[in-house]
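In: what follows is a protein structure lacking sequence information:
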Ligand code: FM0
């Protein structure tokens, strides 16, 4: 029995992902079941590395984040998540969790996706759960929905499922990271604290926005279109639907009560520049998550010119170039 001794020390690296078809709204908040399926690209630049060991004799979980003991609220979140894993494994051991985050907050990427993907994979293996990546995606989902997709590399679909218990809600890889070399330019704007978290924003939208029902229908159509575009490696088709889908998601927030909007002046300036680039015949498309920052999709041959043009937009501080990245990997590197 595992509880008689401490577990192995397991370290996992997980990358963040950018949704091309957004997850926006839950049908079950405690199980993190989404209203709509979504599709993302895992990115190579930003990641979380997490080490987990379940230890005999430990009275509570210990969480060390970026080399410092984490605060009570953060540790509680980790404990709550580990409780699900302990329950699955039938263990009562507490854990020492160490995490290093290489996700610049200014880049506007949620670190929760890479964070919970790494934690799920490391904790499951450490506690001795023999689960495949499909099940891992279901475990990671229960820390943060988007983490479900970061279990896999490349293009990933997160299926919403229909069942109440979530057993048919999981992520799967559509195409690996080598399949198609497209680029995501992460445009860093002046950092403004966002007023509404994505968790709160999607909840308010589901509950109050008259546009929400249409969003769910549109997202399913957009997903099919995106999958066809990926299959064809048709960049313009993929860019068009990704951009349109992001705009539809943001449109739902305008109808919420009280209404809200994630955009800042810099957001619109970048959006305009992308549209202008397209008018000159350069294929570039934008997507925006629950925050003011913009990500721009482009092909390798246009990366430089687009980067230069965007750097000249007022408010743009820097641009980080991302490629398709891998799924969770186990490593012996210590942190
Ligand atoms: O990533 O409440 O996963 O599909 O980034 O933790 O389940 O942080 F643009 C918004 C991500 C939402 C779209 O939400 O929410 C996407 C978003 P949680 P997440």
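Out: Everything's here; your move. What you see is a predicted model; the values in this text were computed from it and never measured. Numbering: from 1, shown residues only.
In: buried stuff in the helix or strand where residue 270 lies?
Out: Residue 270 is located in helix 265-279, with elements delineated by DSSP states H and E. The neighbour-count check on helix 265-279 (16 or more other CB atoms under 10 Å) flags 266, 267, 269, 270, 271, 273, 274, 277, 278 as buried. Every C-beta, even on glycine, is put in place using the N, C-alpha and C of the backbone.
In: for it, name the packing helices and strands.
Out: strand 183-189, strand 284-287, strand 294-298, helix 303-311, strand 316-322 (3 or more CB pairs under 8 Å, 6 or more residues apart in numbering; DSSP states H and E).
In: any chance of CSV for the buried residues of helix 265-279, columns pLDDT?
Out: Formatted as CSV, the buried residues of helix 265-279 follow (pLDDT from 0 to 100):
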residue, pLDDT
266, 94
267, 95
269, 97
270, 98
271, 98
273, 98
274, 98
277, 98
278, 98
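In: what residues does the protein have near the ligand?
Out: The interface of the chain toward the ligand, taken as CB under 6 Å from any ligand atom, is made up of 19, 22-24, 32, 38, 110, 112, 144-146, 198-199, 289-290.
In: that older thread, and among the helices and strands packed on helix 265-279, the most buried is which?
Out: Mean neighbours per residue, mean count of other CB atoms under 10 Å, is largest over those for strand 294-298, with a mean of 26.
In: what is it packed up against?
Out: So strand 294-298, by 3+ CB pairs under 8 Å, 6+ apart, packs with strand 183-189, helix 235-254, helix 265-279, strand 284-287, helix 303-311.
In: which one of the helices and strands packed on helix 265-279 lies closest to residue 256?
Out: Ranking the helices and strands packed on helix 265-279 by proximity to residue 256 (CB to CB) places strand 284-287 first, at 20.2 Å.
In: and the helix holding residue 270 with strand 183-189, angle?
Out: 140 degrees (axes from the mean of the first three to the mean of the last three CA atoms, to 10 degrees).
In: state the helix or strand in which residue 207 lies.
Out: Judged by DSSP H and E, residue 207 forms part of helix 198-208.
In: tell me which residues of that helix are tucked away?
Out: Buried residues in helix 198-208 (16+ other CB under 10 Å): 198, 199, 201, 202, 203, 204, 205, 206.
In: reformat the helices and strands packed on strand 294-298 as a markdown table; add distance to residue 138.
Out: Shown next, in a markdown table, are the helices and strands packed on strand 294-298 (distance: least, CB to CB, whole Å):
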| stretch | distance to residue 138 |
| --- | --- |
| strand 183-189 | 26 |
| helix 235-254 | 24 |
| helix 265-279 | 33 |
| strand 284-287 | 25 |
| helix 303-311 | 36 |
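In: between these, which one is closest to residue 157.
Out: Short answer: helix 235-254, nearest of those by CB to CB, at 13.6 Å.
In: which residues touch the closest one?
Out: Contacts with helix 235-254, where a contact means CB atoms under 8 Å, 6 or more residues apart in numbering, come from 20-22, 24, 182, 201, 205, 209, 211-212, 215, 218-219, 222, 225-226, 228-230, 259-263, 283-289, 297, 299.
In: which of those residues count as buried?
Out: 20-22, 24, 182, 201, 205, 209, 211-212, 215, 218-219, 222, 225-226, 229-230, 260, 262-263, 283-289, 297, 299.
In: low pLDDT regions in the chain?
Out: 1-2, 105-110, 190-193 (pLDDT under 70).
In: mind listing the helices for the stretch 51-200 of the chain?
Out: Secondary structure of the stretch 51-200 of the chain (DSSP state H, counting those that start in this stretch): helices at 72-89, 111-127, 133-141, 198-208.
In: distance from the first one to the middle of the chain?
Out: The gap between where helix 72-89 is centred and where its chain is centred comes out at 20 Å by CA atoms, centre = their mean, to the nearest Å.
In: tell me the buried residues in it?
Out: Buried, per 16+ other CB under 10 Å, within helix 72-89: 75, 77, 78, 79, 81, 82, 85, 86, 89.
In: same check on stretch 57-73?
Out: So stretch 57-73, judged by 16+ other CB under 10 Å, has buried residues 61, 62, 63, 64, 65, 70.
In: list the contacts of it.
Out: Here stretch 57-73 makes contact (CB under 8 Å, 6+ apart) with 74-75, 78-79, 82, 93-101.
In: what do you get for stretch 198-210?
Out: 24-26, 29, 35, 110, 196, 212, 215, 252-253, 255-258, 260, 262, 289-290.
In: sorry, back to before: strands - which of the residues of the chain next to the ligand land there?
Out: 19, 38 (DSSP state E).
In: among the residues of the chain next to the ligand, which pair sits farthest apart?
Out: 32 and 289 (17.1 Å).
In: per-domain residue ranges of this protein.
Out: Domain segmentation of the chain under automatic domain parsing yields 10-179, 183-322.
In: okay if I get these as CSV plus distance to residue 328?
Out: Below are the domains of the chain laid out as CSV (distance: least, CB to CB, whole Å):
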stretch, distance to residue 328
domain 10-179, 4
domain 183-322, 17
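In: thanks a lot, catch you later.
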